[in-house]
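**Q** quick one: sequence and predicted model below, then my questions.
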Protein chains: 2
Amino acid sequence: MAGTTTTRRTVAEKNDARRIQLAESALRTLGELGYARTSLREIAHNSEFTHGVVHYYFRDKHDLIVTGLRHYKAQCVTRYDDVVATATGADELADGFVDKLVETIVDEAPMHRLWYDLRAQSMFEVELREAVLTIDATLEQMIWRVLTRYAELVGRAVRVPSAAAYALLDGLFQQALLGHLTDRAEALVDLGVHVRDLLPHLLEPSA
Amino acid sequence: MAGTTTTRRTVAEKNDARRIQLAESALRTLGELGYARTSLREIAHNSEFTHGVVHYYFRDKHDLIVTGLRHYKAQCVTRYDDVVATATGADELADGFVDKLVETIVDEAPMHRLWYDLRAQSMFEVELREAVLTIDATLEQMIWRVLTRYAELVGRAVRVPSAAAYALLDGLFQQALLGHLTDRAEALVDLGVHVRDLLPHLLEPSA
DNA sequence: CGATTTTCTTGACATTCGTCCAAACTCTTG
DNA sequence: CAAGAGTTTGGACGAATGTCAAGAAAATCG
């Protein structure tokens, strides 16, 4: 019985590991081709497995993509936590935040465009909504942590609601991503300028 | 000769009319199903023509969708021009602008989600980029007209670049659209509050 | 009206898609 | 080692896709 449970856990762990492995592979392919043009066969082809395996580990296409989405969430949530934790001044935090924003656009552009793709898809496909809204809320909280810490360091209170702050920054980010992907050289610099300009305006005016 | 030219023009006009008719039908279907799941057959089925006609008037699928996109641009450009032209005070302009924003989300949600869908697609498909960037620039100018008039009425200069202002408002708009489509009742009210709150911060501080 | 051009219908084509399945293979366990 | 569960393979399926072409139908013009 003890041996059985050990085995069972190992088997289950292996199963989970494969699921994550396939989900990550799916994310890579989706990030390259986009939701519309990514097939299960293409995902399998870009992994080390055959297309049949995908259906052994995932009920259907939605199961695979939603699993990938949830896995993606776990990665990006902590993106700015280091900056928040280590920054000792408001400007240092703002600079570090902007640097990370630019860095992630450069390094992870495919994942970001996939996110915007899937968020747009969720406006059409009900099956995607729950996962998208969950991640959206998580990203909003991530931004909120940066902003409240920034306010703390400045010594002023945050003026705008969490949702508004996230929407504003997301608008800037999305524009920069589109600009970066369409070879507008100044897109990343502009992002930094605009974000640095915006941040103080999200706080209460100084007394 | 005179008769021929008359006929030729009539023929060309008829051809253009059909193209627009089909492009509009395509936009309706795309707005319902999204880019990923819309087929030429479905577009034709939702129109009064058969799928063969689509290929008589359009070279291929891209030709149809890009034509639809350009047609869409012409419609939405003038959306806020009335408000800009008739408003006599800053608050009146801001209120009218916000009302129009909310109104268009309610009335034309399918077209808006299609726009965000296609803009996301343009990050993957090079063929869509030119049309998307053109429309994006047009929308930015549309917002800029509202904002400069608003600044004029307030008596202060606009502080942020055109692109940043557009990105910020677009972020709020996109969030409101997603909220509206996912039955978050307060989404539209929040949009109004956030936009009204943002507008003054886009201007130079009062001297 | 007859001839010619333009427009539309219909069916076919090669692909590709998601899904499923039977058989082969791999590994753990008794 | 043998048995069995778990995993992987590769092919098959029907459905749907974009594209195309041949011919019917309609409109136009001499």
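**A** Done, it's in.
**Q** packing partners for whichever helix in chain A runs longest?
**A** If you go by DSSP state H, chain A has its longest helix at helix A:2-33. Contacts defined by 3 or more C-beta pairs under 8 Å, 6 or more residues apart in numbering or on different chains; DSSP states H and E place helix A:2-33 against helix A:40-45, helix A:51-57, helix A:61-76, helix A:109-121. In this view, the C-beta of every residue, glycine as well, is placed from N, C-alpha and C.
**Q** with distance to chain B, mean pLDDT and mean neighbour count as added columns, please give those helices in TSV.
**A** Output for those, formatted as TSV (distance: least, C-beta to the nearest C-beta, whole Å; pLDDT from 0 to 100; neighbours: other C-beta atoms under 10 Å in any protein chain shown):
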stretch	distance to chain B	mean pLDDT	mean neighbour count
helix A:40-45	13	95	18
helix A:51-57	19	95	14
helix A:61-76	12	91	18
helix A:109-121	4	97	22
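**Q** give me the angle between the longest helix of chain A and helix A:61-76.
**A** Interaxial angle, helix A:2-33 versus helix A:61-76 (axes from the mean of the first three to the mean of the last three C-alpha atoms, to 10 degrees): 90 degrees.
**Q** and A:Thr38, how close does it get to DNA strand D?
**A** For A:Thr38, the distance to DNA strand D (C-beta to the nearest atom of the strand, to the nearest Å) stands at 15 Å.
**Q** that's a strand at that residue, yeah?
**A** No - looking at A:Thr38 with DSSP: H, G, I helix; E, B strand; the rest coil, it is coil, so not inside a strand.
**Q** contact partners for the residue lying closest to it once chain neighbours are set aside?
**A** Nearest-residue entry for A:Thr38: A:Leu30, 5.0 Å, with adjacent residues in sequence omitted and distances by C-beta to C-beta, 6 or more residues apart in numbering or on different chains. Contacts for A:Leu30 (C-beta atoms under 8 Å, 6 or more residues apart in numbering or on different chains) come out as A:Thr38, A:Ile43, A:Ile65, A:Gly68, A:Leu114, A:Asp117.
**Q** let's have the residues you listed in a markdown table, adding distance to A:Arg19.
**A** Output for those, formatted as a markdown table (distance: C-beta to C-beta, whole Å):
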| residue | distance to A:Arg19 |
| --- | --- |
| A:Thr38 | 18 |
| A:Ile43 | 13 |
| A:Ile65 | 13 |
| A:Gly68 | 10 |
| A:Leu114 | 19 |
| A:Asp117 | 22 |
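**Q** walk me through the domains of chain A.
**A** Per automatic domain parsing, the domain ranges recorded for chain A read A:1-60, A:77-207.
**Q** any idea which of those domains scores lowest on pLDDT?
**A** With a mean of 85, domain A:1-60 has the lowest mean pLDDT of the domains of chain A.
**Q** residue in chain A nearest to DNA strand D?
**A** A:Gly52 (2.3 Å; C-beta to the nearest atom of the strand).
**Q** residues contacting A:Leu153?
**A** Neighbouring residues of A:Leu153 by C-beta under 8 Å, 6+ apart: A:Ala87, A:Thr88, A:Gly89, A:Ala90, A:Leu93.
**Q** now do the SS call for it.
**A** What three-state DSSP gives for A:Leu153 is helix.
**Q** from chain B, how far out is it?
**A** For A:Leu153, the distance to chain B equals 20 Å [C-beta to the nearest C-beta, to the nearest Å].
**Q** nearest residue to that residue in space, ignoring adjacent ones along the chain?
**A** Counting by C-beta to C-beta, 6+ apart, A:Leu153 lies nearest to A:Ala90, which is 4.0 Å off, once chain neighbours are set aside.
**Q** ok, A:Gly179 next?
**A** A:Ala187 (2.9 Å).
**Q** isn't that neighbour right up against A:Ala176?
**A** Yes - under the criterion of C-beta atoms under 8 Å, A:Ala187 makes contact with A:Ala176 at 5.0 Å.
**Q** between these two, tell me which one has more neighbours.
**A** For A:Ala187 and A:Ala176, the more surrounded residue by other C-beta atoms under 10 Å in any protein chain shown is A:Ala176, and the numbers stand at 26 against 19.
**Q** noted, bye for now.
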